[in-house]
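S.K.: sequence plus the predicted model coming up.
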Amino acid sequence: MVNYKLVKRKGLLLPLVAATLFITACACGNKADEPAPVGTLSVNPASLSLTDAAATATVTVNANCDWGVSAADKDWCTVTPSGGVSGSSTVTVKVLENSTYDTRSTTVTFRYGGKSVDVAVSQAGKPEPEKPTPPEGIVIPDGYELDWNDEFDLEDGSMPDADKWRFESKPAGWVNHELQTYVPGGRNGVRTAFIEDGVLNIRAIKEGKDIISARMYSKKSWTYGYMEAAIWLPKGKGTWPAYWMMPDDFSRGWPGCGEIDIMEEVGYHPNYTSSSIHCMKYYHSIGTQKTHEQYTAGAEDGYHVYAVEWTPDALKFFVDGKLHFTFNNDKKNDDDTWPFNKNFYLILNLAWGGDWGGSQGVDESALPCTMRVAYVRVFKKK
């Protein structure tokens, strides 16, 4: 009898254990089926719009999970800290000064639980300076009359007058170890010489891996005369704008053929303009050049008139009508000291880098840069 009862009790116990196990299993299964808590994150504001100045701004973050944050363009936009935990936090967004005239933008991205939230950041470009007004009216020097001129009064977007100018086409390094490639007015839709608002624009600009620019020659040449141009110089370390003259007869090579530099400037020495001559006896490579440099206030902020009066007796150089340098003919009838008795043509160009323009390095953030020419005029003696 005892054994029977024990067996029955054991029999009764087994269902109870099984039931308990079943209930426990069901309870565990219900918890496993419940969705895990989902992380949430919100930011305020959802975008930032900043001026061109260096600045900091803040973004408030509310999250119930850990998160990280980074800026897409770290060259000019940075964030701190790089992440945070559940709760309310503040992220500082810092931008450098925008030295260009163009608006730039980037994205600050918050990442959490496999998801992300973006904050758009835009920064305005610096204000465009007001364009100075070019000199108006043709003022004829005493004893002269107008022989040739280009006022660049064509429609916007036009190329310079092909009856008056021709373009150079040369690779980088062609002369003076300059870095630009000269192309005839532009390449692949990127222009290097064009008319805008009645002004010639000669522009140095990055195109692909190259820096391209323009070099123009007048199709007409002269022996003696008064040559002037109103020019607004570009800004930036690496620029080397020039208004100058070379002879039709190049049989003696350089410098024996002669060279007349009416105006040159290099961007690392802003607003200092120079005038020079080169010939076999006087040139920079042997340290005997004849030149004069002066401070021309506002040369990079507006138009100034650069001129040479060239006679059989002398070359006289002017800025805004004021004489600043004279090179006299020694009257020895020696081409080594005075090769300036034959036809010379005019040149306008904007070089980038090179032996002089790049002697203190270049700053590509200055690109694109523009040399503006309001007019070029040549007067001959009556």
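M.R.: Ah, there it is. Numbers count the residues shown, from 1 in each chain.

S.K.: distance check, Met216 against Thr223.
M.R.: 21 Å (CB to CB, to the nearest Å). In short, each C-beta sits where N, CA and C put it, glycine included.

S.K.: which of the two has more neighbours?
M.R.: Taking other CB atoms under 10 Å, Met216 and Thr223 do not tie; Met216 has more neighbours (25 against 14).

S.K.: name the element the more buried one belongs to?
M.R.: Here Met216 sits within strand 215-222, counting by DSSP states H and E.

S.K.: please state the offset of that strand from the chain centre?
M.R.: Put simply, strand 215-222 sits 28 Å off its chain's centre (CA atoms, centre = their mean, to the nearest Å).

S.K.: helices or strands up against it?
M.R.: strand 144-150, strand 165-167, strand 344-352, strand 369-381 (3 or more CB pairs under 8 Å, 6 or more residues apart in numbering; DSSP states H and E).

S.K.: at 6 Å what do you get?
M.R.: Secondary-structure packing of strand 215-222 (3 or more CB pairs under 6 Å, 6 or more residues apart in numbering; DSSP states H and E): strand 165-167, strand 344-352.

S.K.: quick one: Glu136 and Glu300, what's the gap?
M.R.: Glu136 is 21 Å from Glu300, where distance means CB to CB.

S.K.: kindly report the same for Ala230.
M.R.: Counting by CB to CB, the separation of Ala230 from Glu300 is 14 Å.

S.K.: sorry, back to before: any idea which of the helices and strands packed on strand 215-222 is most buried?
M.R.: strand 344-352 (a mean of 23; mean count of other CB atoms under 10 Å).

S.K.: name the surrounding residues that touch that strand.
M.R.: Residues from elsewhere that reach strand 344-352 (CB atoms under 6 Å, 6 or more residues apart in numbering): 178-180, 202, 204, 211, 213, 215-218, 221, 238, 240-245, 247, 357, 371.

S.K.: hang on, isn't Asp156 packed against Phe194?
M.R.: No: using CB atoms under 6 Å, Asp156 makes no contact with Phe194, being 8.1 Å away.

S.K.: between these two, which one's more packed in?
M.R.: The neighbour comparison of Asp156 against Phe194 (other CB under 10 Å) goes to Phe194, with 21 against 10.

S.K.: got the contact list for that one?
M.R.: The contact partners of Phe194, taken as CB under 6 Å, 6+ apart, are 157, 201.

S.K.: pretty sure it is in a strand, no?
M.R.: Yes: the assignment for Phe194 is a strand, going by DSSP: H, G, I helix; E, B strand; the rest coil.

S.K.: okay, and the beta partners of it?
M.R.: Phe194 forms beta bridges with Asn201, as assigned by DSSP bridges.

S.K.: what pLDDT does it get?
M.R.: Note for Phe194: predicted pLDDT of 98.

S.K.: cool, and the one 3 residues further on?
M.R.: The confidence metric pLDDT takes the value 94 at Asp197.

S.K.: so what's the residue count around it?
M.R.: With other CB under 10 Å as criterion, Asp197 counts 11.

S.K.: how about Ser169?
M.R.: If we define neighbours as other CB under 10 Å, then Ser169 has 13 of them.

S.K.: how close does the residue lying closest to Val117 once chain neighbours are set aside sit to Val121?
M.R.: Excluding its sequence neighbours, the residue lying closest to Val117 (CB to CB, 6 or more residues apart in numbering) is Phe110, at 4.6 Å. Distance, Phe110 to Val121, by CB to CB: 13 Å.

S.K.: for Met280, which non-adjacent residue is spatially closest?
M.R.: Asp336 is the one closest to Met280 (CB to CB, 6+ apart), at 4.0 Å.

S.K.: doesn't the residue nearest to Val117 belong to a strand?
M.R.: Yes: under three-state DSSP, Phe110 falls within a strand.

S.K.: ok, it - contacts?
M.R.: So Phe110 contacts 67, 69, 117 (CB under 6 Å, 6+ apart).

S.K.: which regions of this protein sit below the pLDDT cut-off?
M.R.: Applying pLDDT under 70 to the chain flags the ranges 1-37.

S.K.: wait, what's in contact with the spatially closest residue to Pro368 that is not a sequence neighbour?
M.R.: Closest residue to Pro368 apart from its sequence neighbours, by CB to CB, 6+ apart: Ile205 at 3.8 Å. Shown in contact with Ile205 (CB under 6 Å, 6+ apart): 190, 367-368.

S.K.: now Ile205: how far from Asp156?
M.R.: From Ile205 over to Asp156 (counting by CB to CB), the distance is 18 Å.

S.K.: again, but for Thr40
M.R.: 54 Å.

S.K.: pick the one among the contacts of Ile205 closest to Ala63.
M.R.: Leu367 (42.5 Å; CB to CB).

S.K.: not counting sequence-adjacent ones, nearest residue to the closest one?
M.R.: Distances taken as CB to CB, 6+ apart place Lys206 nearest to Leu367, at 5.3 Å, with adjacent residues excluded.
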